[in-house]
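Asks: sequence and predicted structure below; questions after.
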Amino acid sequence: MPDRIKYLGSSGHTRGLLDRRHLKRSKHFYNTWPWLRLRREYLAAHPLCERCGASGKVVLARHVHHRLEVRTAPELGLDVANLEALCVSCHNRHTCVEGHRLHRRMDT
């Protein structure tokens, strides 16, 4: 098995090569009880998309996003100040942009 895998996002665009160990650690974090509980509580307290709200739109939030990724700042994984509630559209837009940044960073 290769040390690196190619990750295809839901839109089919390549987000870059990610180390399998990072994927395992990230996925493990998102399946832990403390994260699942914090996510549920954060969405209950922030039911609307924070980015859409800043532009005057009212859209239901479905994702809790880490401003600084768990992969790069694991100590902030459960820090409420590092979270924001996002709708599906804003989360997908951000994920696509971050994927392109990651891909460019790994190409250099």
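Replies: That came through fine.

Asks: quick check on residue 83: phi, psi?
Replies: phi -110, psi 150 (degrees, to the nearest 10).

Asks: surely it is in contact with residue 63?
Replies: No. The pair formed by residue 83 and residue 63 falls short of the contact definition of Cβ atoms under 8 Å, at 10.2 Å. Any C-beta I mention is one placed from the backbone N, CA and C, and that applies to glycine too.

Asks: between those two, which is the more surrounded one?
Replies: residue 83 (20 against 17; other Cβ atoms under 10 Å).

Asks: could you pull out the helices for this protein?
Replies: Using DSSP state H, the helices of the chain run over 20-30, 33-45, 50-54, 88-107.

Asks: please work out how many residues are found near residue 35.
Replies: For residue 35, using other Cβ under 10 Å, the count is 16.

Asks: residues contacting it?
Replies: By Cβ atoms under 8 Å, 6 or more residues apart in numbering, residue 35 lies in contact with 29, 77-78.

Asks: can you put the residues you listed in JSON lines and add neighbour count?
Replies: What follows is the contacts of residue 35, written out as JSON lines (neighbours: other Cβ atoms under 10 Å):
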{"residue": "29", "neighbour count": "16"}
{"residue": "77", "neighbour count": "20"}
{"residue": "78", "neighbour count": "17"}
